[in-house]
Structures are given as structure tokens and as C-alpha cells.
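**Student:** need a structure here:
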Amino acid sequence: WQNNHRRFDQLRAQIDDGGYKRLMYDMMTRKIPDKWHPRLFPVTTALIQQKVFSMEPLPRFFYNCVEQQHLPFDHSGDWSKGPVKVFYVTLKMSFGDWCRENNMRGGAYGRSSSSIFQAEIKEFFPTAKTGLRTVVPDDMVDVRPTPSDGRASSIEIPSLADCKKSFDKMLGKDSGYDFG
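**Tutor:** The predicted structure follows:
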């Protein structure tokens, strides 16, 4: 259509020759499906991509984990078979590294606060368990246990399948993305 004056002239002529009336007739006589709603958009790959690209950094970090079927931080358990536990500081460092690599502000919107960070995880993974205290193994040099009980703050992240279901719900349906 760009710079095609002949096509625009034809369109203008059609509109001037009763096109408005025909359009109004079609609109007034067309049957609207029973389940139609003006705010229910068809879920397309483009809409899903738009939603993913507009996600806040933390859900987008985890979306990438689900898409790659890999958690880029030390954790206990097999994510493909069930929930896994991760120390808060380990998750926070991995998320910070990912944000720097992707030019995102990971500490924005109060995310530097552990309670806000953990609450945000619960928003998109409602079955996540936050505020846990787990004994720190001796080989975990990045995690400092409290002297009184040898434990540190940890989070239980739902299984890969449950995380995928959470994102499907967030995106409006089964995303259609093949996570493997």
C-alpha cells in the first residue's frame, strides 16, 4: 500500500460510492459469537512473545530457566522430577548476574529487599515456599550460615512442570511453546 496512490484512489472511490453504508450494514447484521468479548484476544505466538518481552526481570529470569529447562544456580534436587531448594543468596547472585548480562535493573522496585524479592517469586509461583531455613553444607562457600543454628535463608522452587503451568496461566493459556 505504501506510495500506491492508485490503490488509495480506488479505496476512496469505493468509500464514496456507498462503502460506508455497506460497512455499517455488514456490522449491524453480522452475528456476534456467544463467547465473544472485546477484551479476550486470540492467544497467538506474537501475543505470548509480547507478554514475555514485557515481563519484569525476575519472572523473565525464571521464564528463561523454564524455557531452557535449567536452573543456573546450585540447588538440591532434580528440577525435572520435583521441587528444588536453593539458598536465597545463591538465587539472588545468579539473578543479579543474569540482569547484568541482559542490561536489566534487578534491584529496581524494592527487589533488593529479601521479603519483596521472595514475595515476587510467590506472585508467579504461588506454590513456592519462601522464608525457609536450611542447614548450609560445608562446601557452600558463598552461603553464610547463622552462627546460632548453621542455617541460612532458602526457597523451594516448584518442579519444572509446575513452573511451566504457572507461566502458561500467566500468559493466558497453554503457551504452545515446546519446552521439550
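**Student:** pLDDT of the host helix or strand of L23, averaged?
**Tutor:** L23 is part of helix 20-29, with elements assigned from DSSP states H and E. Per-residue pLDDT over helix 20-29 has a mean of 87.
**Student:** what does stretch 80-98 give?
**Tutor:** If you average the pLDDT over stretch 80-98, you get 94.
**Student:** in it, which residues are buried?
**Tutor:** Neighbour-count burial for stretch 80-98 flags 83-84, 86-92, 94-96, 98 (criterion: 16 or more other Cβ atoms under 10 Å). In this view, the C-beta of every residue, glycine as well, is placed from N, C-alpha and C.
**Student:** what's the farthest-apart pair in the residues you listed?
**Tutor:** Largest separation among those by Cβ to Cβ: P83 and G96, giving 23.0 Å.
**Student:** who does the strand or helix carrying F95 touch, helix- and strand-wise?
**Tutor:** Per DSSP H and E: F95 is located in helix 88-101. Packing partners of helix 88-101 (3 or more Cβ pairs under 8 Å, 6 or more residues apart in numbering; DSSP states H and E): helix 57-68, helix 114-124, strand 151-157.
**Student:** who are the packing partners of the last one?
**Tutor:** When contacts are defined as 3+ Cβ pairs under 8 Å, 6+ apart, strand 151-157 packs onto strand 84-87, helix 88-101, helix 114-124, strand 129-135.
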